[in-house]
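Undergrad: structure for the following, please:
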Amino acid sequence: MRRSLVLTDESARHPFRAGLPPHVRKSPPVPDPVSWAITRDDVRGFASAYFASLAAVAVLIV
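TA: So this is what the prediction gives:
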């Protein structure tokens, strides 16, 4: 296992983080922006769930 000569990193600013290896301290990648557009399948799924629950409630009431 390859170890660096200096076991701590002063830029970590915390004793626990200073002892961690550099590959652990690197920041996670930034995800791509998510498209929140509503598609036709979304509307169809919502409408079918809405009317199915409406029908179920109507059957329980009557």
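Undergrad: CA only for contacts and neighbour counts going forward, please
TA: OK.
Undergrad: spatially central residue in this structure, please.
TA: Centroid check for the chain by C-alpha atoms, centre = their mean gives residue 31 as the closest residue, at 9.4 Å.
Undergrad: how about the secondary structure of that one?
TA: coil (DSSP: H, G, I helix; E, B strand; the rest coil).
Undergrad: who touches it in this structure?
TA: For residue 31, no contacting residues are found, by C-alpha atoms under 8 Å, 6 or more residues apart in numbering.
Undergrad: chain center to the helix or strand of the chain at the bottom of the mean pLDDT ranking, what's the gap?
TA: Across the helices and strands of the chain, the lowest-confidence element by mean pLDDT, DSSP states H and E is helix 15-18, at a mean of 78. In this view, helix 15-18 has its centroid 26 Å away from the chain centroid, taken as C-alpha atoms, centre = their mean, to the nearest Å.
Undergrad: for this protein, longest helix please?
TA: Using DSSP state H, we find that the single longest helix of the chain is helix 40-61.
Undergrad: only alpha carbons, please: show that helix as PDB.
TA: Extracted in PDB, the C-alpha atoms of helix 40-61 (Å, rounded to 0.1, in the frame of the first residue of the first chain):
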ATOM      1  CA  ARG A  40     -48.400  12.300 -21.500                       C
ATOM      2  CA  ASP A  41     -47.800   9.100 -19.700                       C
ATOM      3  CA  ASP A  42     -47.700  11.000 -16.400                       C
ATOM      4  CA  VAL A  43     -51.100  12.500 -17.000                       C
ATOM      5  CA  ARG A  44     -52.500   9.200 -18.200                       C
ATOM      6  CA  GLY A  45     -51.200   7.400 -15.100                       C
ATOM      7  CA  PHE A  46     -52.600  10.100 -12.700                       C
ATOM      8  CA  ALA A  47     -56.000  10.200 -14.400                       C
ATOM      9  CA  SER A  48     -56.300   6.400 -14.300                       C
ATOM     10  CA  ALA A  49     -55.300   6.200 -10.600                       C
ATOM     11  CA  TYR A  50     -57.700   9.100  -9.800                       C
ATOM     12  CA  PHE A  51     -60.700   7.500 -11.500                       C
ATOM     13  CA  ALA A  52     -59.900   4.100 -10.100                       C
ATOM     14  CA  SER A  53     -59.900   5.400  -6.600                       C
ATOM     15  CA  LEU A  54     -63.000   7.500  -7.300                       C
ATOM     16  CA  ALA A  55     -64.800   4.300  -8.500                       C
ATOM     17  CA  ALA A  56     -63.600   2.400  -5.500                       C
ATOM     18  CA  VAL A  57     -64.900   5.000  -3.100                       C
ATOM     19  CA  ALA A  58     -68.200   5.200  -5.000                       C
ATOM     20  CA  VAL A  59     -68.700   1.400  -4.700                       C
ATOM     21  CA  LEU A  60     -68.000   1.600  -0.900                       C
ATOM     22  CA  ILE A  61     -70.500   4.400  -0.500                       C
END
